[in-house]
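**Q** task: produce atomic coordinates for the following.
(one chain, ligands or ions: 2)
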Amino acid sequence: MVFKEDYSLKPYNTFGIDVNARYYLELTTTEQIQEFVNRHFPEYDNIVILGEGSNILFTRDYDGIVLRLNNKGIQLVRENKDHFYLKANAGEVWDDLVNYCIGHQYAGLENLSLIPGLVGASPMQNIGAYGVELKDHFEELEAINLENGQIELFNKSDCVFGYRDSVFKKDKKGKYIILSVTFRLDKLPVFKTKYGVIEQELKEMGVLSLSIEKVNEAVCRIRRKKLPDPKYLGNAGSFFKNPVVTRDIYEELINIFPGLVAFRQANDSYKLAAAWLVEQCGWKGKRIGNTGVYEHQSLVLVNHGSATGQQILELSMKIQETVHNKFGIHLEREINVI
Ligand code: FAD
Ligand code: EPU
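**A** Residues are numbered from 1 along each chain as shown. Ligands and ions are numbered 1, 2, ... in the order given. Just a heads-up that it's a prediction; the model follows:
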């Protein structure tokens, strides 16, 4: 257990924003978390649960308690003819879990490699990449109710997963601490390589026969080329979600902007590439003071040095305004602003 007062969160958020938490607490076991919620939580007015801070923008000092979970552990809880069921505690590093699965030939998470963050945050926005989302391999999660200290079990439908969305970002926002997540992994891999760039990368790698390792390697290679490493350039991945619009709106837009990048969804709606919208407004690679738009991916806002969270937020609002003026589309933030 670690407890600090007026503690800098700079090392604990991938934007590298230097704000202080009034109180900072790190807990390493589920029992400690339960004890904190039952005995000490009522003393604090505000709480933020922190994983690796890779989807958070701090815009001010935090006048409350920041609770960082460090409860680790991965356990095979059961298996049947087709699946392994693996329970991971919230404090496990997401990519360590992915590598654990690959090492044991448990298939399903290989497209989700190199996503920063901890397991506990992964259901929050139903993390996704390269044609796979967490919900595709989600079985259940345990979360502690901050109001009464009870541990509750959430199955897939309880979580109401959507694109970068779950009940924990909506009705149950700020009301639970996710303690562990159980995943359903395949004994017989079903490779998802239809996401264009994966096939291309596998070809360049000279792969003739697919394996969990090869798909994982292709995804890692793509991600390393496209996304900035927060160790060297502060960022939180995509700042905005890709907007989903009706067929009518899509058709209106494509008539005016024939280069529009859009992907048809199962329900006949269209997901627009927000990166393209932002790039068309001239933002790609732009820098304002210490804030900027990444030169290779215009959906990623970056901290070039000592930018404040407020400055990054202001840049994001300017981008939203120009995209709205040009395309009539509102870009919704993916990241959590505190
Ligand atoms: P944090 O940023 O610490 O927290 C995120 C939110 O979850 C906060 O609201 C926090 O309060 C809440 N929270 C965290 N843990 C818990 C808990 N145990 N219980 C309750 N609430 C909790 N995301 C994708 O989906 N796909 C990608 O491909 C992707 N690529 C990225 C690439 C880069 C370079 C970066 C920096 C980020 C990327 N992200 C991506 C975003 C981010 O990695 C994920 O959202 C990740 O799940 C966040 O994990 P975290 O532990 O850092 O969460
Ligand atoms: N594009 C541009 N300009 C750019 C970058 C991309 O025009 O600067 C266009 C390209 O045409 C490209 C399309 O946008 O084909 C989509 O780009 P990309 O494949 O890079 O994916 P994305 O939609 O920008 C999403 C996720 C990422 C995830 C990747 C891969 C969202 C908000 N973002 O990005 O997730 O890793 O797909 O699946 O859905 C994150 O959530 O933080 C994140 C990084």
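**Q** just for the stretch 151-300 of the chain, where's the confidence low?
**A** For the stretch 151-300 of the chain, no stretch is flagged by pLDDT under 70.
**Q** which residue does it have closest to ligand 2?
**A** Ranked by CB to the nearest ligand atom, the top residue of the stretch 151-300 of the chain for proximity to ligand 2 is residue 237, at 2.5 Å. Placement of C-beta: from N, CA and C, glycine included.
**Q** so that residue sits in a helix?
**A** No: secondary structure of residue 237, determined by DSSP: H, G, I helix; E, B strand; the rest coil: strand, with no helix assignment.
**Q** contacts only, for the residue of the stretch 201-338 of the chain found nearest ligand 1.
**A** Among the residues of the stretch 201-338 of the chain, residue 237 lies nearest to ligand 1; the distance is 2.6 Å by CB to the nearest ligand atom. For residue 237, the contacting residues are 54-55, 115-116, 227, 300, 334-335, taking CB atoms under 8 Å, 6 or more residues apart in numbering as the criterion.
**Q** buried ones among the residues you listed?
**A** Among these, those buried by neighbour count (16 or more other CB atoms under 10 Å) are 54-55, 115-116, 227, 300, 334-335.
**Q** of these, which are in range of ligand 2?
**A** residue 334 (CB under 6 Å from any ligand atom).
**Q** helices of the protein, start to end?
**A** 30-35, 94-103, 156-159, 196-204, 212-226, 247-256, 274-280, 309-327 (DSSP state H).
**Q** output these in a markdown table, with mean neighbour count and distance to residue 13 appended to each entry.
**A** As requested, the helices of the chain are exported to a markdown table (neighbours: other CB atoms under 10 Å; distance: least, CB to CB, whole Å):
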| stretch | mean neighbour count | distance to residue 13 |
| --- | --- | --- |
| helix 30-35 | 17 | 21 |
| helix 94-103 | 19 | 16 |
| helix 156-159 | 15 | 25 |
| helix 196-204 | 15 | 29 |
| helix 212-226 | 18 | 20 |
| helix 247-256 | 13 | 35 |
| helix 274-280 | 21 | 22 |
| helix 309-327 | 17 | 9 |
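**Q** got these as a markdown table, with distance to residue 124 columns?
**A** Compiled in a markdown table, the helices of the chain are given as follows (distance: least, CB to CB, whole Å):
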| stretch | distance to residue 124 |
| --- | --- |
| helix 30-35 | 17 |
| helix 94-103 | 12 |
| helix 156-159 | 10 |
| helix 196-204 | 25 |
| helix 212-226 | 20 |
| helix 247-256 | 28 |
| helix 274-280 | 20 |
| helix 309-327 | 19 |
